[in-house]
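Chemist: Build the 3D model from these lines:
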Amino acid sequence: MTIKGIFFVLATMLVCSGLLFADDQRATAVDAYNPAHVTDAPQSPAQPFAKPTPPSTQAILYDNGPIITHPGGGAGGADGSALQTALSLTIFGFGHQGLSTVNNKVADDFTITDDGGWTIDSLCFYGYQSFSGLTSTFTAVKWWIYNGDPSMGGTVVCTDSATLVNGRLSTGWSGIYRATDVLIATNTDRPVMLNRVVVSPACVLDPGTYWVVWQSWGTSTSGPWCPPITILGSTTTGDALQFIGGTTNIWQDCLDGTFPQGVPFMVKGTVNSPAGVPCSAITGIAARCIGGGTKTVQARVNLLGSTIYAGQMVTIAIDEDQYTSVIVTNGTHSRANFSISGVYTTGDHVVTLVDPPDCGLGDTHATCATAGKSDPTWDDDAEWSAVSSTPQETKLLGNYPNPFNPTTNIQYSLGEATHVTLRVYNTLGQVVATLVNDVQGAGYKSVVWNGKNDSGAPVASGLYIYTLTAGNVVKSDRMLFMK
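Modeler: Numbering: from 1, shown residues only. Model (predicted):
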């Protein structure tokens, strides 16, 4: 469904803002090209291109485009999005008017492939109202995310809690004009704005395919309209849908003539860490004891054929004592290694997998003797000792679980000994909690945050940013606290 191009990547660096101008027929389903309404000169004066305000710092998880066909080739040096009349295309944009008497909407799909899913905290939608000038006339956007095609029985999994999300809407010119291919260099009738809405509360989605549906309101009598994805030389650009409201109330394909079209949007937020290590990924647990004056109990939890859980934690119990180790990978399979010296005496010691829980692996045993190894057949020690030694670089490995309530485990690796701070911030940039402020040696680290601030008071539900500073390395990630 998604067709992307380098020009759209450049466009996503601009602020989420965009309007397309359309004919003054608010309830019409499409803004269609009418040669009688087009002249060889722009109907409003071209203004010199000024780069819009940079976008928010949120990561773009998905962008559905492009719409820019002529970077720098629009009126006044702006970017241009061409309606390709040479290909017999006629649609400037699709109606998604939110008026109760009209109730038109547009929809398109996106797919999440990351194992941990996404936390979505904002959405960006293109739209326009004809002859609005470069000041946005948009006043509100309403959106829904469905777990399937909304025309085929998909259900809403996320939406805004407000009736209209004008309180969480920021809008402005995207630096794009939409015009015919003939007038692309001069016409300013349809300046494109992109509307950014804050997703509140944040939407947490598992891997899968979803549909985002939206409609808009504005002060102009034209539209609002949503421009289609546009690619030079292409007549078909996606498989978007349009809901025709009023007395019709049906879903239909977004078509330009007989050609299916996509509609552009962006999803912003955070990629979540995989939701823990499933029992299905664990193939076994083994243990042994190296005897002698100082006895060493060793254990390993194997995740053969699975490398996606590297960096996460596994916990075992030896008798009544619990130990946690990070999962490492040798490129083909993964393992968590444990080695505890000087704690256990001669005799039998029971080793059990604790986390992930209830995997049904049963107990294993490490028998410590006065000398020798209780199981000398571990012939791959050299391979794994290299893997599980000091990390080669400093990394923030994420937190688990995420979302969480009331505690989460933040994991990171240090490539060398250095001073380390690990702090939790709210979305205003204020320090909520300082979890680490000390010199630490190289290795894999794990810190538990209990959802409380530095004064010991529980924090409110919401999105938090945690930042690791280790020497000259600064890494940040996000986590969602849900009560």
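Chemist: and the end-to-end length of stretch 130-139?
Modeler: 15 Å (Cα to Cα, to the nearest Å).
Chemist: chain center to it: distance?
Modeler: 29 Å (Cα atoms, centre = their mean, to the nearest Å).
Chemist: and stretch 138-152, which residues are buried?
Modeler: The neighbour-count check on stretch 138-152 (16 or more other Cβ atoms under 10 Å) flags 138-147, 149-151 as buried. Bear in mind the C-beta positions are built from the backbone N, C-alpha and C, glycine included.
Chemist: possible to save those residues as CSV with secondary structure and pLDDT?
Modeler: CSV is the format used below for those (DSSP: H, G, I helix; E, B strand; the rest coil; pLDDT from 0 to 100):
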residue, secondary structure, pLDDT
138, strand, 94
139, strand, 92
140, strand, 90
141, strand, 92
142, strand, 92
143, strand, 93
144, strand, 94
145, strand, 96
146, strand, 96
147, coil, 92
149, coil, 94
150, helix, 95
151, helix, 93
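Chemist: if you go through the protein in chain order, where are the helices?
Modeler: 6-11, 381-387 (DSSP state H).
Chemist: Confidence-wise, which of those helices is weakest overall?
Modeler: Among the helices of the chain, helix 6-11 carries the lowest mean pLDDT, at a mean of 32.
Chemist: Specify the beta-bridge partners of the residue nearest to residue 110 when sequence neighbours are not counted.
Modeler: Excluding the flanking residues, the one nearest residue 110 by Cβ to Cβ, 6 or more residues apart in numbering is residue 62, at 4.8 Å. Here residue 62 shows beta-bridge partners residue 267, assigned using DSSP bridges.
Chemist: quick one: residue 322 and residue 313 touch, right?
Modeler: No: the pair residue 322 and residue 313 fails to qualify as a contact (Cβ atoms under 8 Å) at a distance of 11.5 Å.
Chemist: Counting neighbours, go ahead and name the busier of these two.
Modeler: residue 313 (20 against 12; other Cβ atoms under 10 Å).
Chemist: Isn't that one up against residue 323?
Modeler: No: counting by Cβ under 8 Å, residue 313 does not reach residue 323; the two are 10.4 Å apart.
Chemist: Report the residue ranges of every domain in the protein.
Modeler: 6-271, 279-387, 395-481 (automatic domain parsing).
Chemist: Point out the most buried one among these.
Modeler: domain 6-271 (a mean of 20; mean count of other Cβ atoms under 10 Å).
Chemist: the longest strand in the protein is where?
Modeler: As assigned by DSSP state E, the longest strand anywhere in the chain is strand 191-205.
Chemist: How far away from the center of its chain is it?
Modeler: 12 Å.
Chemist: and it with strand 138-146, angle?
Modeler: 40 degrees (axes from the mean of the first three to the mean of the last three Cα atoms, to 10 degrees).
Chemist: List the pairing partners of strand 191-205 within its sheet, with orientation.
Modeler: Assessed with DSSP bridges, strand 191-205 is paired to strand 118-127 (antiparallel), strand 169-180 (antiparallel).
Chemist: Now render these as CSV, adding mean pLDDT and distance to residue 196.
Modeler: Output for the strands paired with strand 191-205, formatted as CSV (pLDDT from 0 to 100; distance: least, Cβ to Cβ, whole Å):
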stretch, mean pLDDT, distance to residue 196
strand 118-127, 92, 5
strand 169-180, 94, 5
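Chemist: Run through this structure and note the low-pLDDT ranges.
Modeler: 1-28, 34-58, 161-167, 273-275, 305-308, 330-332, 376-392 (pLDDT under 70).
Chemist: so the residue nearest to residue 110 sits right up against residue 264, yeah?
Modeler: No: counting by Cβ under 8 Å, residue 62 sits too far from residue 264 to count as a contact (11.0 Å).
Chemist: How much space separates the closest residue to residue 136 other than its chain neighbours from residue 95?
Modeler: Excluding its sequence neighbours, the residue lying closest to residue 136 (Cβ to Cβ, 6+ apart) is residue 171, at 4.2 Å. From residue 171 across to residue 95, the span is 18 Å (Cβ to Cβ, to the nearest Å).
Chemist: Residue 463 now?
Modeler: Residue 463 is 34 Å from residue 95, by Cβ to Cβ.
Chemist: Quick one: residues contacting residue 425.
Modeler: Counting by Cβ atoms under 8 Å, 6 or more residues apart in numbering, residue 425 makes contact with 431-432, 464-467.
Chemist: need those residues in CSV with distance to residue 184, can you?
Modeler: Formatted as CSV, these follow (distance: Cβ to Cβ, whole Å):
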residue, distance to residue 184
431, 50
432, 50
464, 45
465, 42
466, 46
467, 45
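Chemist: closest to residue 229 among the residues you listed?
Modeler: Distance ranking of those against residue 229, using Cβ to Cβ, places residue 465 first at 32.7 Å.
Chemist: Let me know the distance separating residue 120 from residue 402.
Modeler: 14 Å.
Chemist: cool, residue 468 as well?
Modeler: 15 Å.
Chemist: ok, the contacts of residue 425 vs residue 133, which is closest?
Modeler: Checking the contacts of residue 425 one by one against residue 133 (Cβ to Cβ), the nearest turns out to be residue 465, at 37.1 Å.
Chemist: Touching, that closest one and residue 427? I think so.
Modeler: Yes: assessed by Cβ under 8 Å, residue 465 is found in contact with residue 427 at 7.3 Å.
Chemist: Pull the CA coordinates from stretch 223-234 and hand them back as PDB.
Modeler: In PDB, the C-alpha atoms belonging to stretch 223-234 read as follows (Å, rounded to 0.1, in the frame of the first residue of the first chain):
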ATOM      1  CA  GLY A 223     -13.300  21.500   2.000                       C
ATOM      2  CA  PRO A 224     -11.400  20.600   4.000                       C
ATOM      3  CA  TRP A 225      -9.800  18.300   1.400                       C
ATOM      4  CA  CYS A 226      -7.000  15.700   1.800                       C
ATOM      5  CA  PRO A 227      -4.500  15.500  -1.100                       C
ATOM      6  CA  PRO A 228      -3.600  12.000  -2.400                       C
ATOM      7  CA  ILE A 229      -0.200  10.500  -2.500                       C
ATOM      8  CA  THR A 230       1.400  11.800  -5.700                       C
ATOM      9  CA  ILE A 231       4.300  10.300  -7.600                       C
ATOM     10  CA  LEU A 232       5.400  11.600 -11.000                       C
ATOM     11  CA  GLY A 233       4.500   9.200 -13.800                       C
ATOM     12  CA  SER A 234       2.200   7.000 -11.500                       C
END
